[in-house]
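*Asks:* predicted structure and sequence below. I'll ask about it afterward.
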Amino acid sequence: SLVAAETPAQPKTSSTGGQATFETLLVTTEDNITTIVMNRPEKKNAITVLMYNEIKQALELAANNDCVITVLTAYGLGSGNFYSSGNDLNNFTNIPAGGVEKMAKDSGDLLREFVETFIDFPKPLIAVVNGPAVGIVVTLLGLFDVVYATDRATFHTPFSQLGQSPEGCSSYVFPKIMGNAKANEMLLFNKKLTAHEACNLGLVTEVFPDSTFQKEVWTRLKEYAKLPKNSLAFSKQLIRGIEKEKLHLVNNQECERLVERWLSDECMNAIMSFFQAKSKL
Amino acid sequence: SLVAAETPAQPKTSSTGGQATFETLLVTTEDNITTIVMNRPEKKNAITVLMYNEIKQALELAANNDCVITVLTAYGLGSGNFYSSGNDLNNFTNIPAGGVEKMAKDSGDLLREFVETFIDFPKPLIAVVNGPAVGIVVTLLGLFDVVYATDRATFHTPFSQLGQSPEGCSSYVFPKIMGNAKANEMLLFNKKLTAHEACNLGLVTEVFPDSTFQKEVWTRLKEYAKLPKNSLAFSKQLIRGIEKEKLHLVNNQECERLVERWLSDECMNAIMSFFQAKSKL
Amino acid sequence: SLVAAETPAQPKTSSTGGQATFETLLVTTEDNITTIVMNRPEKKNAITVLMYNEIKQALELAANNDCVITVLTAYGLGSGNFYSSGNDLNNFTNIPAGGVEKMAKDSGDLLREFVETFIDFPKPLIAVVNGPAVGIVVTLLGLFDVVYATDRATFHTPFSQLGQSPEGCSSYVFPKIMGNAKANEMLLFNKKLTAHEACNLGLVTEVFPDSTFQKEVWTRLKEYAKLPKNSLAFSKQLIRGIEKEKLHLVNNQECERLVERWLSDECMNAIMSFFQAKSKL
């Protein structure tokens, strides 16, 4: 399977989240906040198959521990650090025994289950976007409850450039948030948003200067984590419950469409061009 | 019942809306406009059980009279006047014979029927927000057709601070209007919006300087009230009809959730703290 | 029928879209873009019965040809040119043998089928709004994927002034895009938006200075048309598919309501006043 084919890089550090150790994440719980940190900074936090599974596992732990709020963010090296560059395209280069059909099907299953974890997450979930974000980590933002971003962040979903189609429920949630006229420039025509543009369109809650980003955001998050735990969880579930069935339907349709896309000539040619361009650098 | 337990303050004035006299409201019909004025300024127009019932009754009169548009606004004393400070927490201090369970159930029924009246209102309904607004009068704004606000208005829904959860269909309508990332900072994390923020997020149609607010708004409303009555009513019903079933479902779920919340330790402790803090002033 | 009653003006030019010639449109396919140009500039591109049918036919050709994207725009004369002044009210002056009931029913069928073509259009559809837009061409914008506008454009839907009610799925799509508080000022109370207002509300993707409008927009469109064709079409269908059933339901309800409206005294009087005012100029 794709999971077996994955060869994880040596982890920078190990972190215990109570029951588990992660190779691609740092997971801590403190002051009623469980924080999940994507930790492949030398690869711009591109998401490998292992990392999809570890994020899913870390969210399941947070769903069941005593934390009041849960945060997804990323570890960066220096001033050019990324939130995440999205799906690691190397996920497509390890062809399993079943061939590309098997790889596409496995990838579709992996993605669907990954997104399901965000749809069903029962507590307030907050994204702390510390730098540029690409692909799946952008489309997923519509499933977070609050999104804080540094003014250095950008938001880019270049699906059609790669012959692909939207995921993370963005085909439903983005038009809902910002209307078709704005959403389609991102989802169809690859427009990259600045942090302030994303904030004006409602994808981001608030933008902070990079120099004070971490301080201002964490001051606020620590206040949130002191609020009544059950009131927050029940309120979030009330809000999410109204469209949970539709979100699962959308997620299924998006993943089915992507499996077809991954097997199309358009997509295969686009990904091949990506690697050829990269090898020439 | 809660209604019987209510001891209304002496009304400032009595107003006849044709068939009815109100203790907590001023209701008039002139120039094709029925205007419902919340009239407990010395209590910041906090909504008692009687006032919930009177607003409901006044809306039912407006729905069936000859008015073209209906306006909800408030009477204020001086420059610090409120639109409304929301649910009067004294509603929770008169425990009926059936105990707190009976009180919670009655309050849930009262709220559900109150909100139903706004969902089903068949004509253009306009909020003229003349000052700060808190709680239920904010969440209800998503059920109005047009919302005009003075620049002195603020919009605050401190549910989780009080161990409660959203009502007035805000758990569905707020994310629909402004997206999750913006709505949840209000609904989960108690963010208070300025009038201009509320306008940018789509909760408010337009903001006016306080000094010219009444004049500008009423000039406009009088023009609206000259438009073809049936065209307006049928257009509003067309727009509302598409989501009426969903709004009733949401209202039911919100009220069920609140009845549970009101009986929770989190909520009881939060309300007790509120009164203790108040008694120390 | 209304179609037979229509006497088209002499066409300015004839254009072949492969299989068809149009009297009210210019239709061309070049650089993977099919462009449909409304071509009654001396009538502000008011839409006659023939023009409804020709736009429908041109969209059906574009849906089935090899183009990657499809554009609707208008031909204008000089600096005062319109995108379109909307439904040509002369459509209501040719009463068929079946009387006004027959006319209303035929008009409802025509409108419903016209709007269905936009709901079902399978490729990215882009509006290039080169000047003021009124009525049906405004309400339809919510069914486009991207909307570019000159800063000279305005957006006006004066339904209630004419005793009518919203169409083009605007009763559902406008509140979805901008929230009720903003949408109803347009749909109920005839507010005319500037291009920048429409852009801030999400109805328009981006606004350009009139002097560089055509150059900037077409540079961008030609880039879009080089993207993988199937990826774009499947992505658009994924996004549209989620609400297609609801859009058809809304379209049916809006057309039923309009047929009733057209037969009402309010509407007949309003249209008669329109022609009387016009004849006095």
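*Replies:* Sure, I can see it. Numbering: from 1, shown residues only, chains lettered A, B, ... in the order given.
*Asks:* from here on, just use CA atoms for contacts and neighbour counts.
*Replies:* Noted.
*Asks:* so residue A:156 sits against residue A:188, correct?
*Replies:* No. Under the contact definition of C-alpha atoms under 8 Å, residue A:156 does not touch residue A:188, with a separation of 11.3 Å.
*Asks:* pick out whichever of the two has more residues nearby.
*Replies:* residue A:188 (28 against 23; other C-alpha atoms under 10 Å in any protein chain shown).
*Asks:* where's the spatially most central residue of chain A, which helix or strand?
*Replies:* By C-alpha atoms, centre = their mean, the mean C-alpha position of chain A lies nearest to residue A:137, the distance being 2.9 Å. For residue A:137, the host element (DSSP states H and E) is helix A:136-139.
*Asks:* ranges for the strands of chain A?
*Replies:* When secondary structure is read from DSSP state E, chain A shows strands at A:25-30, A:33-38, A:69-74, A:125-129, A:133-134, A:146-150, A:154-156, A:193-194, A:206-208.
*Asks:* tell me which residues touch residue A:140, please.
*Replies:* For residue A:140, the contact set (C-alpha atoms under 8 Å, 6 or more residues apart in numbering or on different chains) comprises A:115, A:118, A:167, A:168, A:169, A:170.
*Asks:* what about the fourth one, how many neighbours?
*Replies:* Just to be clear, that refers to residue A:168. Neighbours around residue A:168, by other C-alpha under 10 Å: 28.
*Asks:* equivalent analysis for the second one, please.
*Replies:* Other residues near residue A:118 number 20, with proximity taken as other C-alpha under 10 Å.
*Asks:* how about it, what does it touch?
*Replies:* Contact criterion C-alpha under 8 Å, 6+ apart gives A:140, A:143, A:144 as the residues in contact with residue A:118.
*Asks:* thought residue A:119 was touching the second one, still the case?
*Replies:* What that stands for is residue A:143. Yes. Residue A:143 lies in contact with residue A:119 (C-alpha under 8 Å); the separation is 6.3 Å.
*Asks:* where does chain A dip in pLDDT?
*Replies:* Residue ranges of chain A with pLDDT under 70: A:1-20, A:76-79, A:281.
*Asks:* may I see the strands of chain A organised as JSON lines, with distance to chain B added?
*Replies:* Putting those into JSON lines (distance: least, C-alpha to the nearest C-alpha, whole Å) gives the following:
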{"stretch": "strand A:25-30", "distance to chain B": "19"}
{"stretch": "strand A:33-38", "distance to chain B": "15"}
{"stretch": "strand A:69-74", "distance to chain B": "11"}
{"stretch": "strand A:125-129", "distance to chain B": "9"}
{"stretch": "strand A:133-134", "distance to chain B": "17"}
{"stretch": "strand A:146-150", "distance to chain B": "5"}
{"stretch": "strand A:154-156", "distance to chain B": "15"}
{"stretch": "strand A:193-194", "distance to chain B": "16"}
{"stretch": "strand A:206-208", "distance to chain B": "8"}
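*Asks:* would you format these as a markdown table with distance to residue C:124 included?
*Replies:* A markdown table is the format used below for the strands of chain A (distance: least, C-alpha to C-alpha, whole Å):
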| stretch | distance to residue C:124 |
| --- | --- |
| strand A:25-30 | 39 |
| strand A:33-38 | 35 |
| strand A:69-74 | 34 |
| strand A:125-129 | 31 |
| strand A:133-134 | 23 |
| strand A:146-150 | 29 |
| strand A:154-156 | 19 |
| strand A:193-194 | 20 |
| strand A:206-208 | 31 |
